[in-house]
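J.: let's see this in three dimensions:
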Amino acid sequence: QLQLVESGGGLVQPGGSLRLSCVASGFTLNRIGWFRQAPGKEREGISCISSSGGSTKFAEAVKGRFTISRDNAKNTVYLQMNSLKPEDTAIYYCAADRSGKICGVSAFRQNEYEYWGQGTLVTVSS
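T.: As a prediction, the model looks like this:
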């Protein structure tokens, strides 16, 4: 069964940190994108990592605060989120693309990703 599962969400105070994980079963992760959907807003792309980890991309809203990494032996991608702000509150999704593309201009095009996780809720509030 092909499945992506996110974990690591929760409630954190402003300025705090969380690390989200995205684990795949049934297939090998290639390019991975992290997306988020805040209440009342459209889902947006925030980060991408290529299959080798050599290519990454971040949305301006999270650049300098979030990092992305992967452990291919564990078929897992991580999103480290630091200096969290209330506006980071959203459901966070990881998505997998079986292509070997790097994180270029198509990194945040949602229709390029074939598998999606169920999402994990991140709430930043005091």
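
J.: use CA for all of it now, contacts and neighbours both
T.: Noted.

J.: pretty sure residue 113 contacts residue 94?
T.: No: between residue 113 and residue 94 there is no contact under Cα atoms under 8 Å: 9.5 Å.

J.: touching both of these two, which residues are there?
T.: residue 33 (Cα atoms under 8 Å, 6 or more residues apart in numbering).

J.: ok, these two, which is more surrounded?
T.: Under the criterion of other Cα atoms under 10 Å, the comparison of residue 113 against residue 94 puts residue 94 first, with 30 against 18.

J.: and the pLDDT for that one?
T.: Here the pLDDT value assigned to residue 94 is 97.

J.: got it, and the one 10 residues further on?
T.: Listed pLDDT for residue 104 reads 92.

J.: I'd like the distance between the residue lying closest to it once chain neighbours are set aside and residue 125.
T.: Distances taken as Cα to Cα, 6 or more residues apart in numbering put residue 57 closest to residue 104, at 7.5 Å, once the chain neighbours are dropped. Distance, residue 57 to residue 125, using Cα to Cα, to the nearest Å: 26 Å.

J.: same drill for the two, tell me which one is more crowded.
T.: Set side by side, residue 57 and residue 125 show more neighbours around residue 57, with 21 against 16, by other Cα under 10 Å.

J.: measure the more buried one to residue 84 for me?
T.: For residue 57, the distance to residue 84 - Cα to Cα - is 18 Å.
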